[in-house]
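Chemist: Below are the sequence and a predicted model for it; my questions follow.
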Amino acid sequence: MALVFAGMSAAACGVVVKDPFANWGNDKLVPADTMPRADALQDLDALMALLEHVHPDPYRIRPRQAVHAERLHVTETMPATLPKRELCLRLSRVIAVIDDGHTSMNCIDLIRLEWRRATDASPPETQRLLRFPPFIRLDDQQHLIVSWHGDSPTVDPGDRLLRVNGEDTDALIAAWMPEISHDTDAGRRAEIARMFRAYLALHGISAPYRLTVAAPGEPPREVTVEGEPVNYSFQDRPKVPPRPLPPPARPRPFAVFGPIKLENAFFTYRILEPDVGYVNFFSPLDGLSTVSRFRKAVDALFTQVASDGPRVLVLDIRENGGGEDTVAAELLRHMTRKPFRLFASTQIKRSQEARDFANSIVRIPFRWLGLPYLSSEARRYFNAKPGTMAKPIERRIVAHPPAEPFYSGPVCVLTGPHTYSAAVEFAEAVKTFGLATVVGEETGGQPNSFGNQIPFRLPHSGLTVTIATNRGVRASGSLTDFESVAPDIVVRTTADDMRGFFDPVLDRARTCPERSIE
């Protein structure tokens, strides 16, 4: 779900809202700074107070006792002094217990800040701070697999990563998962894989990287990856001659993509030869004018689809992390006449902290003019006593007026463990009301979730925590179903698929079944 305060005054005046994130990379927070125990414990107390004051339902999924047991453990094991990085990880373990990915400590930001400062201080040629080059993802067995070697000569796509600097990777995943806020364990694992190089750095595992790897069906081998300058997190690495890669066990044809025909802040569209329309729908968010811009983008999309006349339309939301949680209805109006809703209800919690944040991002004198009250959604945070819950906004199941051009052919929606937040709500609506066929893996997020998160600084460390202020009920209306969205057709990617750059989910979607639009 989107952050409501970021756009609450857009309808009134687009120039009065300050960017609350604008200066976060310019603070004096240094990852190696140490904290005394007393200050660390006060930050823990501040974190728990924010959770109680701001979050709409922190014990919705996990009981209060579980959260406070972790808090007690962190308190009892807090050392006399500790680096801010370690404090962040300890606090993360407390807040991760509630199983809400919208409420989290941003410990990876410490690594990004460290890498940015090193980049500013030294060019790649003399850079001494190195990062792990290969890109990693999970296979069908939940193993860490090299998806691209990152120009490392000793590893290949499809190699399973077994050990790093003597550490078993399955043990690393198990140790790191409790530190990561997310809706599901699948989402946590996928996050570790995608951000593996950053999590290595966060836990002090540095170059050179002594690896044990194994190609599909092959015995393990020992290799060393020297690491590459962290500068390449912010700039392109030099081009190197391509090297031959070992063939997969079962060679399969590459997907043949036509040129991009439509590109915007929400999605790209192209033809997958010979007659499949492919939409990479990566974000339902575009700043303060998301709703109007998304509507125009969708109209342009289906005008192009009508011109191309594809046999099948594929909507890929496997890398969609969410955003504005209502705009997807505009897309669905072009492909179904069935009644649907994206969620059953939403409800916000009022707090003084949320009000202070809202006022902080509206410039004087507009704050004095009551600008925060001009948005109907923002008014709910201000129009009653802090600590109370606003009346839920109920969403009925309705038949939305169909939009033209209308597409009535087969539609497959691709999901995976990186499908999150508003993208999960979209997938839930598609699945619940039979609007299209869902193909791939379970979503990383679950629809009985939270949103409208607000950032706060902890008083002593300056560490950032984001806390949700809104809770939603999934489109089915179930209050107790905290499962992710399961696909209609389950397709998982193997290590050998990655070795051959074969996408079995997309390949299955080529034969997307017919559907009913009424």
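Modeler: Yep, it's here. Residues are numbered from 1 along each chain as shown.

Chemist: Please, where are all the strands along the stretch 301-450 of the chain?
Modeler: 312-316, 345-348, 393-394, 411-415, 437-440, 450-451 (DSSP state E, counting those that start in this stretch).

Chemist: Contacts only, for Thr388.
Modeler: Counting by C-beta atoms under 8 Å, 6 or more residues apart in numbering, Thr388 makes contact with 349-350. Any C-beta I mention is one placed from the backbone N, CA and C, and that applies to glycine too.

Chemist: just to revisit the earlier point, can you redo the strands of the stretch 301-450 of the chain as JSON lines with mean neighbour count, distance to Asn280 and mean pLDDT?
Modeler: Formatted as JSON lines, the strands of the stretch 301-450 of the chain follow (neighbours: other C-beta atoms under 10 Å; distance: least, C-beta to C-beta, whole Å; pLDDT from 0 to 100):
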{"stretch": "strand 312-316", "mean neighbour count": "24", "distance to Asn280": "5", "mean pLDDT": "98"}
{"stretch": "strand 345-348", "mean neighbour count": "20", "distance to Asn280": "28", "mean pLDDT": "95"}
{"stretch": "strand 393-394", "mean neighbour count": "14", "distance to Asn280": "31", "mean pLDDT": "93"}
{"stretch": "strand 411-415", "mean neighbour count": "28", "distance to Asn280": "9", "mean pLDDT": "98"}
{"stretch": "strand 437-440", "mean neighbour count": "25", "distance to Asn280": "14", "mean pLDDT": "98"}
{"stretch": "strand 450-451", "mean neighbour count": "26", "distance to Asn280": "23", "mean pLDDT": "94"}
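
Chemist: Ok, which of those strands comes nearest Tyr59?
Modeler: Nearest of the strands of the stretch 301-450 of the chain to Tyr59, taken as C-beta to C-beta: strand 450-451 at 12.4 Å.

Chemist: quick one: contacts of that closest one?
Modeler: Here strand 450-451 makes contact (C-beta under 8 Å, 6+ apart) with 1-3, 55-57, 100, 102-103, 325, 346, 421-422, 468-472.

Chemist: And for stretch 190-206?
Modeler: With contacts defined as C-beta under 8 Å, 6+ apart, stretch 190-206 is touched by 85, 89, 107-108, 110-112, 114-115, 130-133, 136-138, 144, 164-165, 167, 172-173, 176-177, 180, 182, 209, 227, 416-418, 444.

Chemist: As JSON lines, the strands of the stretch 301-450 of the chain with distance to Gly277 would be great.
Modeler: Output for those, formatted as JSON lines (distance: least, C-beta to C-beta, whole Å):
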{"stretch": "strand 312-316", "distance to Gly277": "5"}
{"stretch": "strand 345-348", "distance to Gly277": "32"}
{"stretch": "strand 393-394", "distance to Gly277": "34"}
{"stretch": "strand 411-415", "distance to Gly277": "9"}
{"stretch": "strand 437-440", "distance to Gly277": "15"}
{"stretch": "strand 450-451", "distance to Gly277": "30"}
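
Chemist: right, so of those strands, which gets closest to Glu518?
Modeler: That would be strand 411-415 among the strands of the stretch 301-450 of the chain, by C-beta to C-beta, at 14.2 Å.

Chemist: and the closest one, which strands flank it?
Modeler: For strand 411-415, the pairing partners within the sheet under DSSP bridges are strand 312-316 (parallel), strand 437-440 (parallel).

Chemist: hang on, the earlier thing: sort out which of the contacts of strand 450-451 are in helices and list them.
Modeler: Mapping the contacts of strand 450-451 onto helices (DSSP state H) picks out Ala422.

Chemist: between the strands paired with strand 411-415, which one is nearest to Ala80?
Modeler: strand 437-440 (48.6 Å).

Chemist: Output the closest one as CSV, restricted to C-alpha atoms.
Modeler: Extracted in CSV, the C-alpha atoms of strand 437-440 (Å, rounded to 0.1, in the frame of the first residue of the first chain):
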residue,chain,number,x,y,z
THR,A,437,-5.0,-17.2,-14.8
VAL,A,438,-2.3,-16.8,-12.2
VAL,A,439,1.0,-18.6,-13.1
GLY,A,440,4.3,-19.0,-11.3
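
Chemist: Pick out the residue nearest the middle of this protein.
Modeler: The chain has Gly321 as the residue nearest its centroid, 3.8 Å off, counting by C-alpha atoms, centre = their mean.

Chemist: OK, contacts around that one?
Modeler: By C-beta under 8 Å, 6+ apart, the residues touching Gly321 are 283, 418, 420-421, 423.

Chemist: how about a cut-off of 10 Å?
Modeler: With contact set as C-beta atoms under 10 Å, 6 or more residues apart in numbering, Gly321 has these partners: 101, 282-285, 418-424, 444-445.

Chemist: Mind checking which of these are buried?
Modeler: 101, 282-285, 418-424, 444-445 (16 or more other C-beta atoms under 10 Å).

Chemist: Where does the prediction get shaky in the stretch 351-500 of the chain?
Modeler: Scanning the stretch 351-500 of the chain for pLDDT under 70 picks out the ranges 362-376.

Chemist: so Glu179 sits right up against Ile173, yeah?
Modeler: No: using C-beta atoms under 10 Å, Glu179 is not in contact with Ile173, being 11.1 Å away.

Chemist: Give me the common contacts of the two.
Modeler: 188, 192, 199.

Chemist: Just give me the closest of those residues to Arg355.
Modeler: Using C-beta to C-beta, the shared contacts of Glu179 and Ile173 come closest to Arg355 at Arg188, 32.3 Å.

Chemist: Do you know the pLDDT at the closest one?
Modeler: We have a pLDDT of 97 for Arg188.

Chemist: what does Gly158 give?
Modeler: We have a pLDDT of 97 for Gly158.

Chemist: any idea how far it lies from Pro133?
Modeler: Between Gly158 and Pro133 the computed distance is 16 Å (C-beta to C-beta, to the nearest Å).

Chemist: The stretch 101-250 of the chain: strands as residue ranges?
Modeler: 104-105, 130-131, 135-138, 144-148, 160-164, 167-168, 209-214, 221-225, 228-229.
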